[in-house]
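Engineer: just coords:
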């Protein structure tokens, strides 16, 4: 398996030797509380790779605002686990996609299209895509932070979806 260099130093979880995690199924890392779901203050967050860490760091700030998320790690795009996504959308009815690729032709665009085609009637708000602008990624880390979406962007997106600010 391949992953970005910045992720190689961080262990996400302990896996039993001899146990293989399924790559064709998304993994629910955090499930929104039933109270947040009932109050309409829950959002499905779809992400992968470095976005997982950014999302997990943001959880505390999101819950401090009275909201919660179903945090889903996408492990495969083909096949895309629409069953897990649909199940979450039936609970939350809102979705944000945290994506490191570009707006045009990126991962988030493909996932958003699949959601709109297969789960449109579950949505109470448009899909919120958090992705880079259509521009090259700068090499300098300080400049990269300006274009790659981070946890702070996710917090704003969740609050905007829940409180319908745009």
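Structural biologist: Here it is on my side, so go on. What you see is a predicted model; the values in this text were computed from it and never measured. Residues are numbered from 1 along each chain as shown.
Engineer: Give me the phi and psi angles of residue 140.
Structural biologist: With angles defined as degrees, to the nearest 10, residue 140 shows backbone torsions of phi -70, psi 130.
Engineer: Need the pLDDT of it.
Structural biologist: We have a pLDDT of 84 for residue 140.
Engineer: Near it, how many other residues are there?
Structural biologist: Neighbour count of residue 140, defined by other Cβ atoms under 10 Å: 8. C-beta coordinates here come from the backbone N, C-alpha and C atoms, glycine included.
Engineer: residue boundaries of the strands in the chain?
Structural biologist: Remark: strands of the chain, listed N- to C-terminal, are 27-30, 42-47, 68-73, 95-102, 128-132; assignment by DSSP state E.
Engineer: pLDDT on the second one, on average?
Structural biologist: Read it as strand 42-47. Per-residue pLDDT over strand 42-47 has a mean of 97.
Engineer: next one: the first one
Structural biologist: Per-residue pLDDT values over strand 27-30 give a mean of 95.
Engineer: same deal with the last one?
Structural biologist: In this model, strand 128-132 has a mean pLDDT of 92.
Engineer: Centre of the chain to that strand, how far?
Structural biologist: Shown here is strand 128-132, whose average C-alpha point lies 10 Å from the average C-alpha point of the whole chain (Cα atoms, centre = their mean, to the nearest Å).
Engineer: Run through the neighbouring helices and strands of that strand.
Structural biologist: Judged by 3 or more Cβ pairs under 8 Å, 6 or more residues apart in numbering; DSSP states H and E, strand 128-132 is in contact with strand 95-102, helix 107-118, helix 151-162.
Engineer: How about the shortest one?
Structural biologist: Packing partners of strand 27-30 (3+ Cβ pairs under 8 Å, 6+ apart): helix 50-64, strand 68-73.
Engineer: Now tell me what touches it from outside.
Structural biologist: Taking contacts as Cβ atoms under 8 Å, 6 or more residues apart in numbering, the residues outside strand 27-30 that touch it are 21, 52, 55-56, 59, 69-73, 75, 84, 88.
Engineer: now the third one
Structural biologist: By Cβ under 8 Å, 6+ apart, the list of residues contacting strand 68-73 from outside reads 26-33, 36-37, 41-48, 52, 55-56, 59, 62, 84-85, 88, 91-92, 158.
Engineer: Sounds good, over and out.
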